[in-house]
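Student: structure here, sequence nowhere to be found:
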């Protein structure tokens, strides 16, 4: 059984073992799954458009032609090089397809990418219980500690300094998608005017409030201000920058913040304005009045109910991947329409 996590997984995808026959990369963080699978394919393939080097399969292809996976496993390269088979799954494989993976002595490398697989998944169990020829790499959402480590490594690499409150603001603005995190950190640290100075909180705040962040915060504020009629249009714009699961996580994070502030407001009888202005990590100042209003619109019990709805919705999106966008939109409208 070989399960690689964190640094071990990162090292493997940059320098994979020659004897590995199959790699399963799965989990909640779709950005990290894409990042690791792309790095792994880059090590094995020189031309991704060459069908003799790389075959691309999906659940949809296998639904139309169930034998296609077996055919690819049986294919031998005319150039005596290993062929990579990249299979993108939106649902678990059939039992006979899973059995074929481990029964055939294929010369090719099979890379399977999937969203979260339950511990009872036959595919996951087979990869985790098989020999060292098969590798399982779970990819779960990055914690704030993980993101802080990434940020500190990038700062050292670029020989830059950043104030602690600036780091905290940046980390809390990044979300939990690994690829987006790397991209945003690189973008901020690649500015030409940073050399020789310490990066301040004000500098980071000016940068992170870009068009994509404005769109998603507008959506969040529409939901929690109960402006239900405006949600669908803003949601469609948000989909240009964010995946439905990311949007759900952002809405969940905001509900947790409101729950935290509401508890303080109700127990200590502190004005909403004071709570919002002193909350850490701080909100962008232009949102203060909206968040103060939101605190007056929701009760503790309803905010707790929202978190349960989001949790259920996330599970539904994993079960019905093909209608994830519709499921998410329906959930956001339901949340906004809740009564205390």
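Tutor: Nice, I can see it. This structure is a prediction, so every number in the text was calculated from the model and none was measured.
Student: give the buried residues for the longest helix seen in the chain.
Tutor: Determined from DSSP state H, the single longest helix within the chain is helix 244-268. If you call a residue buried by 16 or more other Cβ atoms under 10 Å, then helix 244-268 has these buried ones: 244-252, 254-255, 257-259, 261-262, 265. Every C-beta, even on glycine, is put in place using the N, C-alpha and C of the backbone.
Student: and the next helix or strand past that helix?
Tutor: Sequence order places helix 272-278 as the next helix or strand after helix 244-268, per DSSP states H and E.
Student: list the helices and strands that next one packs on?
Tutor: Using 3 or more Cβ pairs under 8 Å, 6 or more residues apart in numbering; DSSP states H and E as the contact test, the elements touching helix 272-278 are helix 244-268, helix 288-297.
Student: turn the ones you listed into a markdown table, including mean pLDDT and distance to residue 220.
Tutor: Listed next are those as a markdown table, based on pLDDT from 0 to 100; distance: least, Cβ to Cβ, whole Å:
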| stretch | mean pLDDT | distance to residue 220 |
| --- | --- | --- |
| helix 244-268 | 93 | 5 |
| helix 288-297 | 94 | 9 |
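Student: now do the domain split for the protein, please.
Tutor: The record's domain parsing of the chain by automatic domain parsing lists 6-139, 144-201, 211-336.
Student: weakest of the ones you listed by average pLDDT?
Tutor: When the domains of the chain are compared on mean pLDDT, domain 144-201 scores lowest, with a mean of 80.
Student: now do the contacts for residue 65.
Tutor: With contact set as Cβ atoms under 8 Å, 6 or more residues apart in numbering, residue 65 has no partners.
Student: let me know the distance separating it from residue 155.
Tutor: Distance of residue 65 to residue 155, computed by Cβ to Cβ, to the nearest Å: 49 Å.
Student: quick revisit: nearest to residue 280, out of the helices and strands packed on helix 272-278?
Tutor: Across the helices and strands packed on helix 272-278, the minimum distance to residue 280, taken as Cβ to Cβ, is reached by helix 244-268, at 10.2 Å.
Student: just checking, what packs against the closest one?
Tutor: Counting contacts by 3+ Cβ pairs under 8 Å, 6+ apart, helix 244-268 packs against helix 211-224, helix 272-278, helix 288-297, helix 300-319, helix 324-336.
Student: how far does that helix sit from the chain's center?
Tutor: Averaging C-alpha positions (Cα atoms, centre = their mean, to the nearest Å) puts helix 244-268 19 Å from its chain's average.
Student: what angle sits between that helix and helix 211-224?
Tutor: Angle between the axes of helix 244-268 and helix 211-224 is 50 degrees (criterion: axes from the mean of the first three to the mean of the last three Cα atoms, to 10 degrees).
Student: what's the burial count for the nearest residue to residue 59 once chain neighbours are set aside?
Tutor: Closest residue to residue 59 apart from its sequence neighbours, by Cβ to Cβ, 6 or more residues apart in numbering: residue 90 at 4.5 Å. When counting by other Cβ atoms under 10 Å, one arrives at 15 neighbours for residue 90.
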